[in-house]
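Undergrad: need coordinates for the below:
(one chain, ligands or ions: 1)
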Amino acid sequence: MIPDSAAPAKAARLGRLGIEGAFAVAAAARALEESGREVIHLELGQPDFPSPQHAIAAGVGALEADDAKYTAPAGIPELRNAILGYARGRGIPAELGNVVVTSAAKPMLQYALLAAVNPGDEVLIPSPGFPIYPSAVRLAGGIERTYAIASTRDGWQLDWDSIERQLTPRTRAIVLNSPHNPTGWTATSDDLARIAWIAVERNLWVISDEIYSGLAYDYADGASPSAAAVPGMLDRTIIIDGFSKRWSMTGWRLGFGIVPAALYDDIVALVINNTSCTPPFIQRGGLAAMEGSQDVVHALRQSLHERRDRFVSGLNSVPGITCALPSGAFYAFADVQPLLAASRLDTDAFAARLLQDHGVAGCPGTDFGPTGEGFVRFSFATAAPKLDRAIELLQAAAKRFGKT
Ligand code: PMP
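TA: Numbers count the residues shown, from 1 in each chain. Below is the predicted model:
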């Protein structure tokens, strides 16, 4: 008989891991729905469009042809070439030796930090920001320092003073995210040139999460500028991108990196250590999505643009809620502070009440760091009638919570 004993202690690094609150909100929303309640899902960051038909056909065809064996760790040459063409189309002076295919954007983020950061190095990340940034920095042994994306009269802006304040001799990298989750802030070419100056002056890596590129509403074709397109920046910029958002393929788990040539072998080694390769039939689907008709991409962007205008003006019609127009991505980061003050609820409790009592699922701003206090993030990547219904429900909530 094996004697009774306590299991070994968990590794300390687990205590430094964060998660994405949106998945917890989604689980709570589903549970409520299963109990028969109406719920409008505005919590997860995924477009409601189906995957492009030609991507599905190519993926299924490849699977039927048994294109389901190990393949090249860096990605199949056809897809790497397509990504190269795509990157060059964005003004990035990349070569094939800069392109790595990964199993979605998130692993590429982990690889970037593992490749760039030594234990004790400091990494600047945006706040509010994607919750996986602090988690991934810590997993790599780094220390996160936050800079602000701040609300101004002109909408969301990068707070340059906060960057200057957080830079130290130990800063090793800066994480950029444009268009930005959760605010929709989108860096201009001037912003990126300024980041480039700082990066060169301080000798920093720039880790640029461009998963929402192509979804910038002030640019022709949605084409937000890339950090790696700034002259001289390719060798210190690690681009994280993928098929999840623009091609509406979140569940395929297909992404890519445009990485400095000097890091290429190391990033491929990280892929080999983690997944060996990205499934080939998935890559075939991505290749078709990228090279086939872009009608779905254009329709998605057009639709998101209309939904943004409709939903944000709806939010601003609700007493106690204000929302700056997001210039990219598909989130409305709504200021609900007057409703918190009147109801004496904190942000988490307020978002929970919105779901439980009013059937609107959004993410508390605190999921994106402490500066998200007073805000709720709503994804507007859902059909207009549902967005209209959410506004009706929020009107009712505001009537109730707004009473002082
Ligand atoms: N970066 C940001 C800023 C995101 O919002 C997301 C998805 N919510 C990701 C990366 C992850 O993308 P993927 O699903 O391709 O891993």
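
Undergrad: can you list the domain ranges for the chain.
TA: In the assignment given by automatic domain parsing, the structural domains of the chain cover 12-50+295-403, 53-291.

Undergrad: so what's whichever residue of the stretch 251-400 of the chain sits closest to the ligand up against?
TA: Nearest residue of the stretch 251-400 of the chain to the ligand, counting by CB to the nearest ligand atom: residue 255, 4.7 Å away. For every residue, glycine as well, the C-beta is placed using N, CA and C. When contacts are counted by CB atoms under 8 Å, 6 or more residues apart in numbering, residue 255 touches 101-108, 211, 240-244.

Undergrad: now do the phi/psi pair for it.
TA: Per-residue torsions, residue 255: phi -140, psi -180 (degrees, to the nearest 10).

Undergrad: next one: it, what pLDDT does it get?
TA: pLDDT, residue 255: 98.

Undergrad: excluding its backbone neighbours, what's nearest it?
TA: Distances taken as CB to CB, 6 or more residues apart in numbering place residue 242 nearest to residue 255, at 2.9 Å, with adjacent residues excluded.

Undergrad: ramachandran coordinates for the one you found?
TA: Dihedral angles (degrees, to the nearest 10) for residue 242: phi 170, psi -170.

Undergrad: what number of residues lie near it?
TA: Look at residue 242: counted by other CB atoms under 10 Å, it has 28 neighbours.

Undergrad: distance of it from residue 154?
TA: Distance, residue 242 to residue 154, using CB to CB, to the nearest Å: 30 Å.

Undergrad: likewise for residue 53?
TA: Noted for residue 53: a distance of 40 Å to residue 154, by CB to CB.

Undergrad: and what of residue 203?
TA: Going from residue 203 to residue 154 by CB to CB gives 32 Å.

Undergrad: over to residue 194?
TA: From residue 194 to residue 154 the distance is 17 Å (CB to CB).

Undergrad: who's more crowded, these two?
TA: The residue with more neighbours, out of residue 194 and residue 154 and counting by other CB under 10 Å, is residue 194; that gives 16 against 7.

Undergrad: what about the nearest residue to that one once chain neighbours are set aside, neighbour count?
TA: Spatial nearest neighbour of residue 194, chain neighbours left out: residue 160 (7.2 Å); criterion: CB to CB, 6+ apart. Residue 160: 14 surrounding residues under other CB under 10 Å.

Undergrad: gap between residue 160 and the ligand?
TA: Distance of residue 160 to the ligand, given as CB to the nearest ligand atom, to the nearest Å: 21 Å.

Undergrad: is it true that that residue touches residue 195?
TA: No - taking contacts as CB atoms under 8 Å, residue 160 lies outside contact range of residue 195: 9.6 Å.

Undergrad: low pLDDT regions in this protein?
TA: For the chain, the stretches with pLDDT under 70 are 404.

Undergrad: all strands of it, in order?
TA: Ranges of strands within the chain are 40-41, 99-102, 122-127, 143-152, 155-158, 171-177, 205-209, 237-242, 255-258, 331-335, 360-361, 363-364, 375-379, based on DSSP state E.

Undergrad: okay if I get the ones you listed as TSV plus distance to residue 74?
TA: Shown next, in TSV, are the strands of the chain (distance: least, CB to CB, whole Å):
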stretch	distance to residue 74
strand 40-41	36
strand 99-102	5
strand 122-127	25
strand 143-152	29
strand 155-158	33
strand 171-177	22
strand 205-209	19
strand 237-242	15
strand 255-258	10
strand 331-335	32
strand 360-361	39
strand 363-364	34
strand 375-379	32
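
Undergrad: which among the ones you listed is found nearest to residue 296?
TA: The closest of these to residue 296 is strand 237-242. By CB to CB, the value is 16.0 Å.

Undergrad: just the C-alpha atoms of the closest one, please, in PDB.
TA: C-alpha atoms of strand 237-242 as PDB (Å, rounded to 0.1, in the frame of the first residue of the first chain):
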ATOM      1  CA  THR A 237      10.900  44.300 -33.800                       C
ATOM      2  CA  ILE A 238       9.100  41.100 -33.200                       C
ATOM      3  CA  ILE A 239       5.600  41.200 -34.900                       C
ATOM      4  CA  ILE A 240       2.900  39.000 -33.500                       C
ATOM      5  CA  ASP A 241      -0.100  38.400 -35.800                       C
ATOM      6  CA  GLY A 242      -2.400  35.800 -37.000                       C
END
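
Undergrad: residue 368: what's it in contact with?
TA: Taking CB under 8 Å, 6+ apart as the test, what residue 368 contacts is 127, 128, 129, 130, 131, 181, 182, 377.

Undergrad: 6 Å instead, please
TA: Listed by CB atoms under 6 Å, 6 or more residues apart in numbering, the contact partners of residue 368 are 128, 129, 182.

Undergrad: ok, residue 280 next?
TA: The neighbourhood of residue 280, defined by CB under 6 Å, 6+ apart, consists of 67, 71.

Undergrad: burial of the nearest residue to residue 292 once chain neighbours are set aside, as a residue count?
TA: Excluding the flanking residues, the one nearest residue 292 by CB to CB, 6+ apart is residue 54, at 4.0 Å. Using other CB under 10 Å, residue 54 has 17 other residues around it.

Undergrad: gap between residue 54 and residue 76?
TA: 17 Å.

Undergrad: and if you look at residue 295?
TA: Taking CB to CB as the measure, residue 295 falls 24 Å from residue 76.

Undergrad: got the buried residues for stretch 55-73?
TA: 55, 56, 58, 59, 62, 63, 67, 71, 72, 73 (16 or more other CB atoms under 10 Å).

Undergrad: what segments of this structure are helices?
TA: According to DSSP state H, the chain carries its helices in the segments 21-34, 53-64, 77-89, 105-116, 132-139, 160-166, 189-202, 261-274, 280-291, 295-316, 337-343, 347-358, 384-401.
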